[in-house]
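>>> All I have is the shape, not the residue letters:
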(Lines give C-alpha, C1' and ligand atoms only; values in the text may rest on other atoms or scores of the structure.)
Protein backbone atom coordinates (compact mmCIF):
# COMPACT_ATOMS: atom_id res chain seq x y z
CA UNK A 1 0.00 0.00 0.00
CA UNK A 2 1.13 3.52 -0.80
CA UNK A 3 -0.62 5.93 1.56
CA UNK A 4 -0.98 9.53 0.36
CA UNK A 5 2.49 9.77 -1.14
CA UNK A 6 3.29 13.27 -2.38
CA UNK A 7 5.68 13.40 -5.32
CA UNK A 8 7.13 16.74 -6.35
CA UNK A 9 8.18 17.82 -9.83
CA UNK A 10 6.37 15.13 -11.82
CA UNK A 11 6.82 15.24 -15.59
CA UNK A 12 4.44 17.45 -17.55
CA UNK A 13 3.30 16.17 -20.95
CA UNK A 14 4.04 19.47 -22.68
CA UNK A 15 5.26 23.01 -21.99
CA UNK A 16 3.56 26.26 -23.05
CA UNK A 17 0.46 24.40 -24.21
CA UNK A 18 -3.19 23.77 -23.38
CA UNK A 19 -4.20 20.26 -22.33
CA UNK A 20 -7.63 19.37 -23.66
CA UNK A 21 -8.12 15.99 -21.95
CA UNK A 22 -6.76 13.84 -19.12
CA UNK A 23 -6.95 10.03 -18.94
CA UNK A 24 -5.84 8.44 -15.65
CA UNK A 25 -4.65 4.84 -15.31
CA UNK A 26 -2.63 2.57 -13.05
CA UNK A 27 0.00 0.50 -14.86
CA UNK A 28 2.86 -1.87 -14.18
CA UNK A 29 6.40 -1.14 -15.36
CA UNK A 30 5.82 -3.14 -18.55
CA UNK A 31 2.78 -0.97 -19.44
CA UNK A 32 0.03 -3.48 -18.62
CA UNK A 33 -2.96 -2.20 -16.65
CA UNK A 34 -2.97 -2.82 -12.92
CA UNK A 35 -6.50 -3.60 -11.71
CA UNK A 36 -8.07 -4.92 -8.55
CA UNK A 37 -8.07 -8.35 -10.21
CA UNK A 38 -4.26 -8.27 -10.10
CA UNK A 39 -4.15 -6.58 -6.69
CA UNK A 40 -3.66 -2.82 -6.72
CA UNK A 41 -6.43 -0.25 -6.54
CA UNK A 42 -6.00 3.43 -7.36
CA UNK A 43 -7.77 4.78 -4.28
CA UNK A 44 -7.13 8.36 -5.34
CA UNK A 45 -4.69 10.62 -7.12
CA UNK A 46 -4.53 14.41 -7.35
CA UNK A 47 -2.41 16.54 -9.69
CA UNK A 48 -1.49 20.04 -8.52
CA UNK A 49 0.29 22.98 -10.10
CA UNK A 50 2.78 24.28 -7.52
CA UNK A 51 2.88 27.98 -8.36
CA UNK A 52 -0.88 28.53 -8.73
CA UNK A 53 -3.12 29.18 -5.72
CA UNK A 54 -5.79 26.59 -4.98
CA UNK A 55 -9.39 27.88 -5.19
CA UNK A 56 -10.39 26.63 -1.74
CA UNK A 57 -7.21 25.94 0.26
CA UNK A 58 -4.79 28.68 -0.84
CA UNK A 59 -4.55 30.20 2.64
CA UNK A 60 -3.94 26.93 4.52
CA UNK A 61 -1.25 24.26 4.73
CA UNK A 62 -3.37 22.11 2.38
CA UNK A 63 -2.83 24.72 -0.32
CA UNK A 64 0.96 24.44 -0.22
CA UNK A 65 0.90 21.79 -2.97
CA UNK A 66 -0.72 24.32 -5.31
CA UNK A 67 -3.83 24.40 -7.46
CA UNK A 68 -5.62 21.07 -7.71
CA UNK A 69 -6.51 20.68 -11.38
CA UNK A 70 -7.19 16.97 -11.90
CA UNK A 71 -8.13 14.08 -9.63
CA UNK A 72 -9.33 10.52 -10.05
CA UNK A 73 -9.82 7.24 -8.27
CA UNK A 74 -10.22 3.65 -9.33
CA UNK A 75 -13.03 4.60 -11.73
CA UNK A 76 -10.31 6.26 -13.87
CA UNK A 77 -12.68 8.66 -15.58
CA UNK A 78 -11.37 10.58 -18.58
CA UNK A 79 -12.09 14.28 -18.64
CA UNK A 80 -12.28 16.06 -21.98
CA UNK A 81 -12.92 19.79 -22.09
CA UNK A 82 -15.27 21.44 -24.60
CA UNK A 83 -13.79 22.47 -27.94
CA UNK A 84 -11.66 25.59 -27.59
CA UNK A 85 -10.93 25.10 -23.86
CA UNK A 86 -7.85 23.66 -22.21
CA UNK A 87 -5.76 23.65 -19.04
CA UNK A 88 -2.83 26.01 -19.66
CA UNK A 89 0.66 24.69 -18.93
CA UNK A 90 3.29 27.42 -18.73
CA UNK A 91 7.06 26.99 -18.88
CA UNK A 92 7.40 27.75 -15.15
CA UNK A 93 4.66 25.39 -13.90
CA UNK A 94 5.79 22.60 -11.60
CA UNK A 95 3.41 19.69 -11.09
CA UNK A 96 3.00 17.55 -7.98
CA UNK A 97 1.17 14.24 -7.57
CA UNK A 98 -0.58 12.96 -4.45
CA UNK A 99 -1.35 9.24 -4.82
CA UNK A 100 -2.90 6.58 -2.60
CA UNK A 101 -2.78 2.92 -3.68
CA UNK A 102 -4.46 0.01 -1.93
CA UNK A 103 -3.50 -3.64 -2.33
CA UNK A 104 -6.26 -6.24 -2.71
CA UNK A 105 -3.83 -9.08 -3.47
CA UNK A 106 -2.72 -11.71 -0.99
CA UNK A 107 0.89 -10.52 -1.34
CA UNK A 108 2.50 -7.10 -0.94
CA UNK A 109 4.07 -7.23 -4.42
CA UNK A 110 1.09 -5.98 -6.44
CA UNK A 111 0.67 -2.47 -5.04
CA UNK A 112 4.40 -1.74 -4.75
CA UNK A 113 5.18 -2.37 -8.40
CA UNK A 114 2.26 -0.41 -9.89
CA UNK A 115 2.54 3.25 -10.80
CA UNK A 116 0.06 5.99 -11.63
CA UNK A 117 -0.09 7.14 -15.22
CA UNK A 118 -2.02 10.16 -16.41
CA UNK A 119 -1.96 10.64 -20.13
CA UNK A 120 -3.09 13.54 -22.22
CA UNK A 121 -4.58 12.57 -25.52
CA UNK A 122 -4.55 15.99 -27.14
CA UNK A 123 -2.99 19.34 -26.58
CA UNK A 124 -2.47 22.55 -28.49
CA UNK A 125 1.12 23.76 -28.33
CA UNK A 126 2.48 27.29 -28.46
CA UNK A 127 3.08 28.91 -31.77
CA UNK A 128 0.07 27.38 -33.48
CA UNK A 129 -3.14 29.17 -34.39
CA UNK A 130 -5.17 26.78 -32.21
CA UNK A 131 -3.05 27.67 -29.16
CA UNK A 132 -3.89 31.36 -29.64
CA UNK A 133 -7.62 30.64 -29.83
CA UNK A 134 -7.76 28.45 -26.70
CA UNK A 135 -9.76 29.76 -23.77
CA UNK A 136 -8.55 29.12 -20.22
CA UNK A 137 -10.47 27.00 -17.75
CA UNK A 138 -11.71 28.88 -14.70
CA UNK A 139 -11.75 27.21 -11.30
CA UNK A 140 -15.06 27.52 -9.49
CA UNK A 141 -14.72 28.35 -5.83
CA UNK A 142 -17.48 26.86 -3.69
CA UNK A 143 -19.30 28.94 -1.12
CA UNK A 144 -18.59 28.93 2.63
CA UNK A 145 -20.74 25.83 3.23
CA UNK A 146 -18.32 23.75 1.12
CA UNK A 147 -15.12 24.87 2.83
CA UNK A 148 -13.79 22.86 5.74
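In hand now; what should we look at? Being a predicted model, the structure only gives us computed values, none of them experimental.

>>> Distance check, the residue of the chain positioned farthest from its centre against residue 12.
Here the chain reaches farthest from its C-alpha mean at residue 106, the gap being 28.7 Å by C-alpha atoms, centre = their mean. Counting by C-beta to C-beta, to the nearest Å, the gap between residue 106 and residue 12 amounts to 37 Å. C-beta: built from backbone N, CA, C; applies to glycine.

>>> now residue 96
Residue 96 is 11 Å from residue 12, by C-beta to C-beta.

>>> With residue 98 instead?
Residue 98 is 16 Å from residue 12, by C-beta to C-beta.

>>> and what of residue 20?
Between residue 20 and residue 12 the computed distance is 14 Å (C-beta to C-beta).

>>> for this protein, what spans make up the strands?
Taking DSSP state E to define them, one finds strands in the chain at 2-10, 17-19, 21-28, 40-49, 67-72, 79-80, 85-89, 95-103, 114-119, 123-125, 135-136.

>>> quick one, which of the ones you listed is nearest to residue 58?
In terms of C-beta to C-beta, the element of the strands of the chain nearest to residue 58 is strand 67-72, at 8.3 Å.

>>> So which bits of that closest one are buried?
Going by neighbour count (16 or more other C-beta atoms under 10 Å), the buried part of strand 67-72 is 67, 68, 69, 70, 72.
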